[in-house]
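Q: My questions concern the predicted model and sequence given below.
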Amino acid sequence: MFDSITLGQYYQTDSVLHRLDPRVKLVGTFVYLISLFVVDSYVGYIVAALFLAAMIFLSNVPFRYIVRGMKTIVFLLLITVCFNLFLTPGEVIWQAWIFKITKEGLTFAIKMAVRLSLLILGSSIMTLTTTPTQLTDALESLLRPLKKLHVPVHEISMMMSIALRFIPILMEETDKIMKAQIARGADFESKNLIKKIKSMVPLLVPLFISAFRRANDLAMAMEARCYRGGEGRTKMKPLVYKANDRIAYLVLLAFAVVCILTRIYF
Amino acid sequence: MIKIEKLIHDYIQRDDEGNAAGTFRAIGGVDLDVSPGQFIAVLGHNGSGKSTLAKHLNALLFPTEGTVWVDGMDTKDEKNLWEIRREAGMVFQNPDNQIIAQVVEEDVGFGPENIGVPTEEIWKRVEESLKAVGMWVHRKKSPNRLSGGQKQRVSIAGVIAMQPKCIVLDEPTAMLDPNGRKEVINAAMQLNRTKGITIILITHYMEEAINADQVFVMDRGKIAMQGTPREIFAQVERMKELQLDVPQVTLLAYELRKKGLNIPVSILTKEELADALMGPAAASESEGSAEDDKAAQSEEKEAPHGNQG
Amino acid sequence: MGIKVDDISFLYERGTAMQVTALDHVSAEIPDNQFIGLIGHTGSGKSTFVQTLNGLLKVTSGHIYYNGEDIDGDKFDKKKLRSDVGLVFQYPEHQLFEVDVISDVMFGPRNLGLSDAEAKKRALEALESVRMPKSLYKSSPFDLSGGQKRRAAIAGVLAMRPKILILDEPTAGLDPKGRDEILGLIAGMKKELNMTIILVSHSMDDVARYVDRIMVMGGGKLLYDDEPVKVFRHVTELEELGLAAPQITYIMKLLKERGLDVSSDALTVEEAAAEIMAHRRELHV
């Protein structure tokens, strides 16, 4: 039932992007997302799209695999586009019953769709080429200055990494419990909202119980392996910048500059 | 390696408001002595207290009364806590709920990271540990892509990477299929033999206890029987009383004795049964009689190494 | 009438690089009132197979007929199928959710649209069939012991009054006593309720003594489908599949190799003892 969720799941292969320091990728994604809101012209979008295309090429992840992941969010995309399309006031170019499309709405919807697609693809390139562990490591390392402000940086990143590890397991479990209840005649497809909420009880109760049991077991297993927070911990894979990473930062800088230039000149 | 004296463990039962409503005695006076390098099996039905006992060996639980020493260190002494947990590693029942990282090698490195081993040394230990359980080829995989037996072997590797003197396996095979069970037991026996690590295997599969040096049978929080597998399994009636099995071949020998055949009570392998029934020399291809008896025994012990992955 | 499985296949992740053939052209008939053991190691396709039988998974190709009707047909009542073909999943106690045992068991019958009175009647019957002590009917299912939880969960499916009951690894994770209890219970249910039972397992020792017929699956194919004794004659092939024959089979085989003229068809300790005693005179004891 959840087989279709490939959006952003790590794709194991070897590529320049895979080998980059996760901090570069995290910063890069951040820069890219901001740039999408900086550019506001078709030329700018083309630059952003080309940059993304280059990244996809460098990532060695099959394009089909990336697109398949997009399927799950097409619905979300459509809703956003529709909202913009029908609800933006301005010069009417098409009208039927209560629906009307304006020129401004059309431009805005197209831009929004492009922007959202690039945004989602851009961030999924990061998660496709970076294991969640690397990602949390990067986050922990980048946020380290916050430790001085008593932000539990290590704990947060540990929590994230555990959550990520257990998501697939809990998904599978959801699927299994759902099937077991369907086998007992449960109906999860009811159109009636109240019925639908009620039908979730036989799914959610067992799921919560199982999640708690797992959390308990895991806490004990971690304790048994001498886990006692971030103090005095060493790293198996410490993050160290290499030549490639410095080049990548330069490329990012160049990209950001180009984006700003398109904003000024187009 | 491990010494337990008059151990008592009470769980506090709480009512709905969280107030202590009473106690439940899980362990009621256990004495135990394990020498370094031994392979120990602890048997017992569910609720016999064997898992509670296991958690005392790793200082995850502390005695209500009595004392537990791990390698001479008292578990009640707080300053020993981390050293005890490092020296007595623990593998749990559910393969999914004890793997923390999302890549096999990183999970094995988790323990050493916690105790502050330098990076280079971690890599060395991870490699050694994964090789010791035959999981080196899978080091880059996600644990979710492994079979149950493989996951448990990763967990064992994670423990070995802490360089323990003793590994406690708390029903590590209960959720596995027969192949997975063999993988895990073979890996544990291999470690016992080649690295001299003390193994304490808690199980309710009797076949897994056959190769142990010593078997302890628990019932209602006490040690009900203690001895070599041969001594333990010879007592078919007593084992049934304790809601446990004996290996099928032992049971068959027992039935045959009841029917009047004069064969030894302590038969553990099919070869021993054949020898007892047919006479050791009866098999034309086998060597001398005394040899044969010994061979049957040691073959059982050695066999698993041949097919180590 | 029962189920007729006609050349079914099932693919996971169809059309992707990760496509897996879980079932590969399987055909079989499952008549009324039979006790069947379905054996295979993890990943052999056995769990997929049983999920297609009550329509939880839709076959990729082929047909399944229940009482002569195609279960993927337009007019076919899937809900009826799911109540007639009960499926108890592995670790079924993980599906318990109600406040007390009896409400949990009533969940199935209620979903069938039965009145509370009728649902309760069925629940009581089911709980009796699984030998649940009456004192526990009003307990929270989460306070029961492992074995009791599992029995409560089995009762939850039994209360739908299935004609065919499929149990996926019902003894997984239980200790020897819990295992014998559940297996004894299932064998008792078979006799009492005259239904077809399919016992899915990877342990030959568990199923050998109870079932009339064994189906062995491997690599998504149905490899053997015969009486237990006949299936276990293929010891070597079974081992290649990562399965083992019952331990008794190996003992008898060894005795035979050593020259004792016993039949290696014995499956239980009792049968083996009797067979050996029948050759009393050839023994050197």
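A: Great, that's in hand.
Q: Run a quick neighbour tally on the nearest residue to residue C:161 once chain neighbours are set aside.
A: Nearest in space to residue C:161, with sequence neighbours left out and distances taken as C-beta to C-beta, 6 or more residues apart in numbering or on different chains, is residue C:122 at 6.5 Å. Every residue, glycine included, has its C-beta placed from N, CA and C. Residue C:122 has 22 neighbours, counted by other C-beta atoms under 10 Å in any protein chain shown.
Q: Remind me which helix or strand residue C:122 belongs to.
A: Here residue C:122, judged by DSSP states H and E, is contained in helix C:116-129.
Q: buried stuff in the following helix or strand past that helix?
A: Sequence order places helix C:146-158 as the next helix or strand after helix C:116-129, per DSSP H and E. Applying a neighbour-count criterion of 16 or more other C-beta atoms under 10 Å in any protein chain shown, one finds C:147-158 buried in helix C:146-158.
Q: Just the helices from the stretch 1-150 of chain C, written as ranges.
A: Here the stretch 1-150 of chain C has its helices, by DSSP state H, counting those that start in this stretch, at C:46-53, C:78-84, C:101-111, C:116-129, C:146-158.
Q: which one of those helices has the lowest average pLDDT?
A: The stretch with the lowest mean pLDDT among the helices of the stretch 1-150 of chain C is helix C:78-84, at a mean of 88.
Q: ok, that helix near chain A or not?
A: Yes. Judged by C-beta under 8 Å from any C-beta of the partner chain, helix C:78-84 comes into contact with chain A through C:79, C:82-83.
Q: Now a PyMOL select for only the buried ones of the residues you listed.
A: PyMOL command restricting these to the buried ones, with burial defined by 16+ other C-beta under 10 Å:
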select buried, chain C and resi 82+83
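Q: What is the nearest of the residues of helix C:78-84 next to chain A to chain B?
A: The shortest approach to chain B among the residues of helix C:78-84 next to chain A belongs to residue C:82, at 27.4 Å (C-beta to the nearest C-beta).
Q: Check the gap between the residue nearest to that closest one when sequence neighbours are not counted and residue C:279 for me.
A: In space, and not counting its chain neighbours, residue C:82 is closest to residue C:54: 5.3 Å by C-beta to C-beta, 6+ apart. Residue C:54 is 47 Å from residue C:279, where distance means C-beta to C-beta, to the nearest Å.
Q: of the two, who's got more company?
A: residue C:54 (25 against 14).
Q: what about stretch B:148-159 and chain C, any contact?
A: Yes. Legend: contact between stretch B:148-159 and chain C by C-beta under 8 Å from any C-beta is shown at residue B:148.
Q: what about that stretch and chain A, touching?
A: Yes. With C-beta under 8 Å from any C-beta as the measure, stretch B:148-159 is seen reaching chain A through B:158-159.
Q: Equivalent analysis for stretch C:125-133, please.
A: No. Stretch C:125-133 lies apart from chain A when judged by C-beta under 8 Å from any C-beta; the minimum separation is 11.7 Å.
Q: Report the backbone C-alpha coordinates of that stretch in CSV.
A: The C-alpha trace of stretch C:125-133 is given here as CSV (Å, rounded to 0.1, in the frame of the first residue of the first chain):
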residue,chain,number,x,y,z
GLU,C,125,-19.0,-19.1,21.1
ALA,C,126,-15.6,-18.1,19.6
LEU,C,127,-14.1,-17.4,23.0
GLU,C,128,-15.3,-20.8,24.2
SER,C,129,-13.7,-22.4,21.2
VAL,C,130,-10.3,-20.9,22.0
ARG,C,131,-10.7,-22.0,25.7
MET,C,132,-10.5,-18.5,27.0
PRO,C,133,-11.3,-18.5,30.8
